[in-house]
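> Okay, sequence plus prediction incoming.
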Amino acid sequence: MSVSEIWHLTVSFFVTVVTPGWRQNQVIIILALIALSWLFHSFCGTTLDNWVRRREGWSKWQLRLVVQIKRRMGLILFAVLSYAIYTVMQQVTWPSRSHLIGIAASLATVWVCIAFAAQLVRNRPLRRIVTWALWIWATLHFLDLSSVAAEFLDDVALEVGDFRISLLGVITAIAVIGALLALARITSKTTAARIRSNEDISPSMQVLAVKGVQVVFYGCAFFLGVKAVGLDLTGLAVLSGAIGVGLGFGLQKVVSNLVSGVIILLDKSIKPGDVISLGETFGWINSLGARYVSVVTRDGREYLIPNEDLITGQVVNWSHSDEYVRLDIFFGTSYGCDPHLVRRLAIEAAADVDRVLSHPKLPVCHIVGFGDSSVDYILRFWIRDPTGGLTNIRGNVYLALWDAFKENDISIPFPQREVRMLNDEPPAAAAD
């Protein structure tokens, strides 16, 4: 159908609408229902909003459902009233005299269903595109114009030799691939949730399994979508090989990080929740990515460390083989204090601090040397939760030592210096 024929049909339809008759009456009824639905939406929207604000204890999905109903209350009411009028007119008059009202009711119902179903798409701009595309397709389908629109879009094509791509093919490819990718996303998220809930799988293997599932599902969705729209992938084999060689030279670091990430997941040297030190960075692993590892420090900073640095550099994993961590603190007391009493007080003070383990690894205290002004000691104690911080537990142990030494008159010496002021000449020399 050419553009002139479509224009002729459109003009003929409007002429019949302007001409008095049942078709004009149906259009008037539809416009009246639209006005009534809009008035009801304006009147009841505020009432529904105030009623929802007085509700307490509602979950997020219930509140979101009410918000969606409020936004489309006019369209919902129009669909209900249209179906009611259509049903009554089907019984009291000829079916052809309510044909347009039936189409309007069906379109309104489909539009409402599409609007609610599109909420599954999280991205707002993408959700609007999907909603409008489905609305247009549903409108053309119910107006029996889908085949005409398909022919028109197929005629708009780009032809270069034997290669031909039409606007209809592009739209079909986008729709099919988008639907398959959405299905792959939902399936991969469900599978990933079940994998993470399985306690028999280690955290590193969970991350590896989730990444593998995502690659498989998204890859299958893409290639199935391309094949579904009739594109031949054999011609891309040579081109993809050349592109792969170029990317291999230009993206060596990226590929190295990807391979290093797979090695980390396989050898289980680092897993989510481990406490590591890398250079001046100390924190616990938040997540393992394909290119980097997310490390969160005690001050709330999140460092994205490339996987290659964790493979080639020296990494201190505080909780690799077990979760026990030993901490050392140094202090000194004066020579007049009993060292046996100092050791006993230090062990008892450390044992009374929260997070310090008293079983199976007890705190110990040893003399490590005799200094210029003090007897030097080392106090060693164990914890099993390094993610809770190391500086704070050291500070609490130092504070406990201070209280214990103060109660038992144990002094902590500090260097003292005596300064003497001398004249230019000694007194004896001046007398001579």
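Looks like it arrived, so ask away.
> now stretch 144-152: mean pLDDT?
Taken as a whole, stretch 144-152 has an average pLDDT of 69.
> And stretch 323-330, by the same measure?
86.
> Pull the number of nearby residues for Leu77.
For Leu77, the count of nearby residues is 19 (other CB atoms under 10 Å). Quick note: C-beta positions are derived from backbone N, CA and C, even for glycine.
> Same check on His366?
Neighbour count of His366, defined by other CB under 10 Å: 11.
> and what of Val67?
Neighbour count for Val67, taken as other CB under 10 Å: 13.
> what helix or strand is it on?
Using DSSP states H and E, Val67 maps to helix 60-71.
> how about the following helix or strand past that helix: buried residues?
Once the chain leaves helix 60-71, the next helix or strand it forms, by DSSP H and E, is helix 73-92. Within helix 73-92, the residues that qualify as buried by neighbour count (16 or more other CB atoms under 10 Å) are 73-83, 85-86, 89.
> Kindly export helix 73-92 (C-alpha atoms) in CSV.
Only the C-alpha atoms of helix 73-92 are listed here, as CSV (Å, rounded to 0.1, in the frame of the first residue of the first chain):
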residue,chain,number,x,y,z
MET,A,73,-6.5,5.5,36.9
GLY,A,74,-8.0,7.4,34.0
LEU,A,75,-7.0,4.8,31.5
ILE,A,76,-8.3,1.9,33.7
LEU,A,77,-11.6,3.7,34.2
PHE,A,78,-11.9,4.3,30.4
ALA,A,79,-11.3,0.6,29.7
VAL,A,80,-14.0,-0.5,32.3
LEU,A,81,-16.6,2.0,31.1
SER,A,82,-15.9,1.3,27.4
TYR,A,83,-16.4,-2.5,28.0
ALA,A,84,-19.6,-1.8,29.9
ILE,A,85,-21.0,0.4,27.1
TYR,A,86,-19.8,-2.1,24.5
THR,A,87,-21.5,-5.0,26.2
VAL,A,88,-24.8,-3.1,26.6
MET,A,89,-24.8,-1.9,23.0
GLN,A,90,-24.0,-5.4,21.7
GLN,A,91,-27.3,-6.6,23.4
VAL,A,92,-29.6,-3.8,22.4
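> Check which helices and strands it is in contact with.
For helix 73-92, the packing partners by 3 or more CB pairs under 8 Å, 6 or more residues apart in numbering; DSSP states H and E come out as helix 22-53, helix 99-117.
> With respect to Leu362, which of the ones you listed lies nearest?
Ranking the helices and strands packed on helix 73-92 by proximity to Leu362 (CB to CB) places helix 22-53 first, at 58.7 Å.
> Give the buried residues for the closest one.
By 16+ other CB under 10 Å, the buried positions in helix 22-53 come out as Arg23, Gln26, Val27, Ile29, Ile30, Leu33, Ile34, Ser37, Phe40, His41.
> for stretch 180-192, same thing?
Buried positions in stretch 180-192, judged by neighbour count with 16+ other CB under 10 Å: Leu180, Ala184, Arg185, Ser188, Thr191, Ala192.
> Can you give me the pLDDT of the nearest residue to the first one once chain neighbours are set aside?
Put plainly, it is Leu180. Distances taken as CB to CB, 6 or more residues apart in numbering put Ala221 closest to Leu180, at 3.9 Å, once the chain neighbours are dropped. Predicted confidence (pLDDT) at Ala221: the value is 77.
> In which helix or strand does Ala221 reside?
helix 203-228.
> got it, and Arg344?
Arg344 is part of helix 339-351 when elements are defined by DSSP H and E.
> Return the alpha-carbon coordinates of stretch 367-387 using PDB.
C-alpha atoms of stretch 367-387 as PDB (Å, rounded to 0.1, in the frame of the first residue of the first chain):
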ATOM      1  CA  ILE A 367      60.300  -9.200  78.100                       C
ATOM      2  CA  VAL A 368      62.100  -8.300  74.900                       C
ATOM      3  CA  GLY A 369      65.000  -6.200  76.200                       C
ATOM      4  CA  PHE A 370      66.400  -3.800  78.800                       C
ATOM      5  CA  GLY A 371      66.200  -0.200  77.500                       C
ATOM      6  CA  ASP A 372      67.900   3.000  78.500                       C
ATOM      7  CA  SER A 373      65.100   3.900  80.900                       C
ATOM      8  CA  SER A 374      62.600   1.000  80.800                       C
ATOM      9  CA  VAL A 375      62.100  -2.700  80.700                       C
ATOM     10  CA  ASP A 376      60.600  -3.400  77.300                       C
ATOM     11  CA  TYR A 377      57.700  -5.900  76.900                       C
ATOM     12  CA  ILE A 378      55.700  -7.300  74.000                       C
ATOM     13  CA  LEU A 379      52.100  -8.300  74.500                       C
ATOM     14  CA  ARG A 380      50.600 -10.700  72.000                       C
ATOM     15  CA  PHE A 381      46.900 -11.500  71.700                       C
ATOM     16  CA  TRP A 382      44.600 -13.100  69.100                       C
ATOM     17  CA  ILE A 383      41.300 -12.000  67.500                       C
ATOM     18  CA  ARG A 384      39.100 -13.800  65.000                       C
ATOM     19  CA  ASP A 385      37.200 -10.800  63.400                       C
ATOM     20  CA  PRO A 386      39.800  -8.600  61.500                       C
ATOM     21  CA  THR A 387      36.900  -7.100  59.600                       C
END
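> Quick check: mean pLDDT of it?
Rounded to a whole number, the mean pLDDT of stretch 367-387 is 88.
> where's that stretch relative to the chain centroid, distance-wise?
In this view, stretch 367-387 has its centroid 44 Å away from the chain centroid, taken as CA atoms, centre = their mean, to the nearest Å.
> tell me the contacts of Asp376?
Going by CB atoms under 8 Å, 6 or more residues apart in numbering, Asp376 touches Phe330, Phe331, Gly332, Ile367, Val368, Gly369, Phe370.
> mind listing which of the residues you listed are in helices?
Among the contacts of Asp376, no member falls in helices (criterion: DSSP state H).
> Counting only strands, which of those residues make the cut?
Among those, the ones falling in strands (DSSP state E) are Phe330, Phe331, Gly332, Ile367, Val368, Gly369, Phe370.
> what residue ranges in the stretch 151-300 of the chain are flagged as low confidence?
Applying pLDDT under 70 to the stretch 151-300 of the chain flags the ranges 152-154, 156, 160-164, 200-205, 228-251.
> again, 80 this time
Along the stretch 151-300 of the chain, the parts satisfying pLDDT under 80 run over 151-185, 188, 192, 195-215, 218-219, 221-271, 273, 279-280, 289-291, 298-300.
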